[in-house]
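Undergrad: Below are the sequence and a predicted model; questions follow.
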Amino acid sequence: LNEINITKNIFIVIKNLVKQGDYSLFWKIIKYRFHSKTVAFGFRQDLESDQIKRRALIPITIRKHVKGDEVFFTNNNSTVLIEKLNTCYVAINKENTPCFKCWLIDSSQNSKLNEFWDGTFPSLKTGEVLLESAFTVPKYRGFGIMPAAISLILELAKEQGFNEVITYVPEKNINSIRTIAYVGFLPFITRIEKWFLFRKMVTFVPITDNLMDYYNKITNEIPKTPLKPHN
């Protein structure tokens, strides 16, 4: 049943891409699921400690996603998640225009999380929340919106009683790694995702010295210390 659900979700994404005429991304997805390997850092932040607060170059506030916001994110293919998960948050500017979105997913949605991503993320524990699919509208990039929006969302998560936030970023996504480090997340584990003939295998392993050296190099002067995985 789970394989059927995953296939159905992939079909929905591909159908939307074809409908939008985005054939290059369509073939990219097919190629990725035929044979690929992706390494990602797992990051963690303790909400019981003081958070690093970042500000954007323009004023923004955070609210829940509402119907109609999708039109501002037509060049982002995570819109299908809105139908699956109910905790999408949006950053808006002073004109009330959405410029950023991401999901804050808690343990009550573990079944949905696994149904859509099929083991890409570990089951969340009580008090733990996942930050996922962060996206800034292209015209608003360069204003520091993502770190500022994440800072506000972390405050929101703390107010809601969560004590820890985790997120995963591919090792090749240097800008996002720097952003996550900039708002106080620390690496604690490595996720390896392999696809072969449209079948996926996901493993979670300790961070190697080489990978940590790479992380230290690309984050430069940002303070960081590797954390130990949970038992």
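TA: Arrived safely, thanks for sending.

Undergrad: Provide the count of other residues in contact range of Glu159.
TA: A count of nearby residues for Glu159, using other C-beta atoms under 10 Å, gives 9. (Each C-beta comes from the backbone N, C-alpha and C, glycine too.)

Undergrad: let me redo that: Thr38
TA: Residues within reach of Thr38, counting by other C-beta under 10 Å, total 15.

Undergrad: Make sure it is indeed in a strand.
TA: Yes. Thr38 forms part of a strand when assessed by DSSP: H, G, I helix; E, B strand; the rest coil.

Undergrad: so what's it bridging to?
TA: Taking DSSP bridges as the rule, Thr38 bridges to Glu193.

Undergrad: Which pLDDT value goes with it?
TA: With respect to pLDDT, Thr38 has a value of 92.

Undergrad: ok now whichever strand or helix holds Asp213, how far from the chain's centre?
TA: Per DSSP states H and E, Asp213 falls inside helix 209-219. Distance, stretch centre to chain centre, for helix 209-219: 20 Å (C-alpha atoms, centre = their mean, to the nearest Å).

Undergrad: what's the answer for stretch 96-109, then?
TA: In terms of C-alpha atoms, centre = their mean, the centre of stretch 96-109 is found 10 Å from the chain centre.

Undergrad: list the buried ones in that stretch?
TA: Of the residues in stretch 96-109, 98-106, 109 count as buried by neighbour count, 16 or more other C-beta atoms under 10 Å.

Undergrad: Switch those residues over to a markdown table; also include secondary structure and pLDDT.
TA: Output for the buried residues of stretch 96-109, formatted as a markdown table (DSSP: H, G, I helix; E, B strand; the rest coil; pLDDT from 0 to 100):
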| residue | secondary structure | pLDDT |
| --- | --- | --- |
| Pro98 | strand | 95 |
| Cys99 | strand | 94 |
| Phe100 | strand | 95 |
| Lys101 | strand | 94 |
| Cys102 | strand | 92 |
| Trp103 | strand | 92 |
| Leu104 | strand | 93 |
| Ile105 | strand | 93 |
| Asp106 | strand | 93 |
| Gln109 | helix | 91 |
